[in-house]
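> Provided below are the primary sequence and the corresponding predicted coordinates.
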Amino acid sequence: MLNSIKRLSCLLLLLSMTSKSSFAHHSRAMFDFDSASDLAGTVAEWQFTNPHVFIILEVSNDDGSTSQWTLEGFGPNTVYRQGWTPESLEPGDKIIVNVAPLFAGGTGGSYSNVRWEDGSVIDPRAPRP
Amino acid sequence: MSLVFNIDSPGTQASLCVFFAMLLNACAPPESADTVSAQTAPVMQYPDWRGQWNQHMQRGEWPTNGYAVDGPPPLNEEYLARWQEVHALNDAGILPDEPTQRCLPQGMPRIMKAVYPIEFIVTPQTTYIYAEWNSQFRRIYTDGRDWPVYTLPSFNGYSIGQWHDEDGDGTYDMLSVETRHLKGPRIYDGQWVPFHDNNETIILEEIRRFDANTMMDTVTTIDDALTGPWIVTQYYGREQEVIWQEYACAENNSQLRLGDEWYFINDDGTLAPTRAGQPGLVPEF
């Protein structure tokens, strides 16, 4: 009986594990991926650093003010192999990103799906016009 | 009667040569079995394990195919309860400690998950395993040494290995390894599976090349938090486009642990909470 309970509790534990925390080489468990949404703004800084790349994004708020978002991506070792380089983004670039915000709120989060402001896909190694 | 040698005589010279040759032969040490075997034994070749090897399978969980497929970790009752408690905290929004988030090394055996690429550098005395994650090396000594009387514990431990020629073709093809003298904190993977607090883990490995484009490492973990040895095989695929990158974790780490709490470092240097109701941050002076 006790062994059955242990096996059941272990199974329930396994089922409760979500994919967002599975690949936590450097945990992304502080971000609410269930509440992810698009955010448009202007790149203030593109930080191609370990252990994560960052987009610092200036976002205009409805009241006319601006906020600076600190958006964490994957590690440069990963994104470089996907084509991203320190030159892929520049200050002034207008982009849209999908952001999973911090659970506690605030202007921090995890980003994905970076696009130009018109929604087109960014070729990270395309030469600048 | 006196003996007079005519040194200029060819016959005398020949006789002297024979004499000295016999004298040298008599002084030479007898041929031992080792000498004979050294002279006749084949020179073993070391395998070609060159390349960049990357984990292509379940990268976030220690078992080969992940827990959902391979089953839960064989933790004993006490450590299973700890693991469940950690997940309960996480579900409540209280993030558990993850040593790599603090830029600590993954340690053994987690480093052999190869979340980032690894490289095998084989020399007769030592095989080095380079891991791009944290740009670090493991050393596996194959020079026949014994365990040190004392050594400082480390995250990757102290490893002694032995080469094997499993198919008898004159080329070593398997490296068996034993690793001891580990220290913590270590966890197996991103699911926070714990080791025993005593850090007396022993890890056994059999490293082989599975095929031309696949390496494998069968890892047996012996730890007091387990109900028995935990055997997991990791497979690594050969990267066709080889790019080696530096990894300096502390360069721009945005995740800060204060006590039992994680905070997020905003780009402007301020700290943001990671959950509602988190204790106050650094007090003002």
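Perfect, I can see it now.
> now do the contacts for the spatially closest residue to residue B:234 that is not a sequence neighbour.
Nearest residue to residue B:234, sequence neighbours excluded (Cβ to Cβ, 6 or more residues apart in numbering or on different chains): residue B:217, at 4.8 Å. The C-beta positions use only the backbone N, C-alpha and C, and glycine is treated the same way. Each residue near residue B:217 by Cβ atoms under 8 Å, 6 or more residues apart in numbering or on different chains is listed here: B:112, B:205, B:206, B:207, B:233, B:234, B:236.
> identify the bridge partners of residue B:217.
Counting by DSSP bridges, residue B:217 forms beta bridges with residue B:207, residue B:234.
> circling back: most neighbours, which of the contacts of residue B:217?
Counting neighbours by other Cβ atoms under 10 Å in any protein chain shown, residue B:236 leads the contacts of residue B:217 with 26 neighbours.
> quick check: mean pLDDT across the one helix or strand that residue maps to?
Using DSSP states H and E, residue B:236 sits in strand B:230-238. Mean pLDDT, strand B:230-238: 96.
> in the stretch 151-285 of chain B, which spans are strands?
With strands called from DSSP state E, counting those that start in this stretch, the stretch 151-285 of chain B shows them at B:158-164, B:174-180, B:202-211, B:214-222, B:230-238, B:255-258, B:261-265, B:271-273.
> how far does the third one sit from the chain's center?
For strand B:202-211, the gap between its own C-alpha mean and the chain's C-alpha mean amounts to 10 Å (Cα atoms, centre = their mean, to the nearest Å).
> pull out the buried positions in that strand.
Going by neighbour count (16 or more other Cβ atoms under 10 Å in any protein chain shown), the buried part of strand B:202-211 is B:203, B:204, B:205, B:206, B:207, B:208, B:209.
> chain neighbours aside, what residue packs nearest to residue B:268?
residue A:68 (6.8 Å).
> between the contacts of residue B:217, which is nearest residue B:54?
Proximity of the contacts of residue B:217 to residue B:54 (Cβ to Cβ) peaks at residue B:236, which lies at 6.1 Å.
> in the chain, what spans have low per-residue confidence?
Here I'm looking at chain A. Applying pLDDT under 70 to chain A picks out residues A:1-28, A:129.
> ah, no, chain B please
Scanning chain B for pLDDT under 70 picks out B:1-40, B:58, B:280-285.
> could you pull out the helices for it?
Assignment of helices within chain B using DSSP state H yields the ranges B:10-27, B:33-40, B:67-70, B:77-91.
> ok so, going back, in a strand, the residue nearest to residue B:268, correct?
Yes - assessed by DSSP: H, G, I helix; E, B strand; the rest coil, residue A:68 belongs to a strand.
> and the one residue sitting closest to the centre of chain A, which helix or strand is it part of?
Per Cα atoms, centre = their mean, the C-alpha nearest to the average position across chain A is that of residue A:111, at 2.0 Å. Of the helices and strands defined by DSSP H and E, residue A:111 is found in strand A:108-116.
> tell me the angle of that strand relative to strand B:261-265?
Computed by axes from the mean of the first three to the mean of the last three Cα atoms, to 10 degrees, the angle separating strand A:108-116 from strand B:261-265 equals 40 degrees.
> roughly how far is strand A:108-116 from the heart of the chain?
With Cα atoms, centre = their mean as the basis, strand A:108-116 stands 5 Å off its chain's centre.
> follow-up on the earlier one: adding distance to residue B:152, write the strands of the stretch 151-285 of chain B out as TSV.
Formatted as TSV, the strands of the stretch 151-285 of chain B follow (distance: least, Cβ to Cβ, whole Å):
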stretch	distance to residue B:152
strand B:158-164	9
strand B:174-180	12
strand B:202-211	17
strand B:214-222	21
strand B:230-238	26
strand B:255-258	25
strand B:261-265	29
strand B:271-273	34
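> so the residue nearest to the centre of chain A touches residue A:55, yeah?
Yes - contact criterion Cβ atoms under 8 Å: residue A:111 and residue A:55 qualify, at 5.8 Å.
> list the residues that contact both of those two?
Contact criterion Cβ under 8 Å, 6+ apart; residues shared by residue A:111 and residue A:55: A:71, A:73, A:97.
> and the closest residue to the second one other than its chain neighbours, what does it touch?
Same thing as residue A:73. Sequence neighbours aside, residue A:53 is the residue nearest to residue A:73 in space, at 4.3 Å (criterion: Cβ to Cβ, 6+ apart). Residues in contact with residue A:53 (Cβ under 8 Å, 6+ apart) are A:46, A:47, A:72, A:73, A:74, A:75, A:76, A:79, A:84.
> burial measure for residue B:193, as a count.
For residue B:193, the neighbour count with other Cβ under 10 Å is 25.
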